[in-house]
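Peer 1: Sequence and predicted structure, then a few things I'm wondering about:
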Amino acid sequence: MPGMNPKAGEPPAGVYRRCLESGWLGFQRCPGCEAAVFYPRVICPFCGGADLTWQTSSGRGVVYATTAVYRREGDPYNVVLVDLEEGFRMMSRVEGVPAEKVEVGARVKLRVDREGDDPVPVFVLRDEDP
């Protein structure tokens, strides 16, 4: 995939950001223990391997945990943990549904939110596609 190869001296967070800017979610895999590694790191947190490779996530996952955050002013929003198909878990939010309606076990897919200064990975509910 374009943009997946680190530039000389580029930190993992830089590669991750370039992936998001291109519209997809990058993660690392350790060839030593085959673990999916997320958030991007220099060394595998499972076995200490230093030869992490970049891969592209399908963006499909399942909500592992969810909570609704109620602010003094403004609408509530949700915070979720999503288990991605590739074997890692990440924190994000689900858009397009009221915060209190997001359920554990809901099938979601990635959408990159480009409304702010930085691209942000968020999720939307997905149809019952495979």
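Peer 2: Thanks, I have the structure now.

Peer 1: Of all residues in the chain, which one is nearest the centre?
Peer 2: With distances taken as C-alpha atoms, centre = their mean, the residue of the chain nearest its centroid is M90 (5.2 Å).

Peer 1: so which helix or strand takes in that one?
Peer 2: Using DSSP states H and E, M90 sits within strand 89-92.

Peer 1: what's downstream of that strand, the next helix or strand?
Peer 2: Next helix or strand after strand 89-92 toward the C-terminus (DSSP H and E): strand 94-95.

Peer 1: biggest strand in this structure by residues?
Peer 2: Taking DSSP state E as the assignment, the strand of the chain that covers the most residues is strand 60-69.

Peer 1: Which elements pack onto that one?
Peer 2: With contacts taken as 3 or more C-beta pairs under 8 Å, 6 or more residues apart in numbering; DSSP states H and E, strand 60-69 sits against strand 77-84, strand 107-113. Yep, even glycine has a C-beta here, placed from its N, CA and C like the rest.

Peer 1: Domain-wise, how is the chain divided?
Peer 2: 12-56, 60-125 (automatic domain parsing).

Peer 1: any chance of the ones you listed in TSV, plus distance to P6 and mean pLDDT?
Peer 2: As requested, these are arranged in TSV below (distance: least, C-beta to C-beta, whole Å; pLDDT from 0 to 100):
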stretch	distance to P6	mean pLDDT
domain 12-56	5	94
domain 60-125	18	95
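
Peer 1: Counting neighbours, what do you get for the nearest residue to V104 once chain neighbours are set aside?
Peer 2: Distances taken as C-beta to C-beta, 6 or more residues apart in numbering put V63 closest to V104, at 5.6 Å, once the chain neighbours are dropped. For V63, the count of nearby residues is 21 (other C-beta atoms under 10 Å).
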